[in-house]
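K.L.:
Sequence first, then the predicted structure, then my questions.
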Amino acid sequence: MNSKYVLKFRRQRERKTNYKLREHLLVSERTRVVIRRSVNGINVQLIKYNIKGDEILAAASSRDLKKFGWNASKGNIPAAYLTGYLCGLKAKKVKIKHAIVDVGMQTNQKGTRIFATIKGLIDAGLELPYGKGIFPSEERIKGLHIENFAKSSKTNFSKVKSDSEKISKIFEKTKKQIEAKIND
């Protein structure tokens, strides 16, 4: 029987893997920074390709920020930046200097959590290729936009509002805690 239709791989049909992009990333033989986001958090891994299976060299999750004093939402831009910063410092400890970003099938828009994560990785000392103007502003990275919204909002969510009104202080405190614990 001569079939004209060729069935695509399952992960390609489910729109989970772009095999052409993955091939280009693997051929480069550079360490990949894999960034995956969800509504409630963000995960960052530094992965080296190995024929037997990918090897994770360093990893961080926004859930890890709780150990460093972060008690605000783990799915916002400041948490994404701190997660990238944490993973970047871990990468520095295992002597990784260069990498290439792999965001998979996620759509990218400048100023989002993915680019805040990349900014955190770069600020930690990792060398990544990037374009100008893609990162969120310093105000958004430190959470000042969340503070301003919480102050101007007429809603009465007391706990959320009180955490949001001091998020920039929590951000600075958490960043210092990360630097102190990782650099020990």
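P.N.:
Yep, that arrived.
K.L.:
Point me to the residue sitting closest to the centre of this protein.
P.N.:
Centrality entry for the chain: nearest residue to the mean C-alpha point is residue 117, 3.7 Å, by Cα atoms, centre = their mean.
K.L.:
isn't that one right next to residue 80, touching?
P.N.:
Yes: in this structure, residue 117 is within contact of residue 80 by Cβ atoms under 8 Å, at 4.7 Å. (Each C-beta comes from the backbone N, C-alpha and C, glycine too.)
K.L.:
Between the two, which contacts overlap?
P.N.:
residue 42 (Cβ atoms under 8 Å, 6 or more residues apart in numbering).
K.L.:
thinking again about what came up before, model confidence over the host helix or strand of the residue nearest to the centre of the chain, on average?
P.N.:
Per DSSP states H and E, residue 117 falls inside helix 113-123. Summarised as a single mean, pLDDT over helix 113-123 is 96.
K.L.:
That one: what's the following helix or strand?
P.N.:
helix 138-142.
K.L.:
What residues sit buried inside that following helix?
P.N.:
By neighbour count with 16 or more other Cβ atoms under 10 Å, helix 138-142 contains the buried residues 140, 141, 142.
K.L.:
Tell me the spacing between the first one and residue 9.
P.N.:
When you say that, I think you mean residue 140. 38 Å (Cβ to Cβ, to the nearest Å).
K.L.:
try the last one
P.N.:
Taken as Cβ to Cβ, the spacing of residue 142 relative to residue 9 amounts to 42 Å.
K.L.:
With residue 70 instead?
P.N.:
39 Å.
K.L.:
Of these two, which one has the most company?
P.N.:
residue 70 (25 against 10; other Cβ atoms under 10 Å).
K.L.:
Give me the contacts around stretch 8-15.
P.N.:
With Cβ under 8 Å, 6+ apart, stretch 8-15 has contacts from 7, 17, 18, 19, 105.
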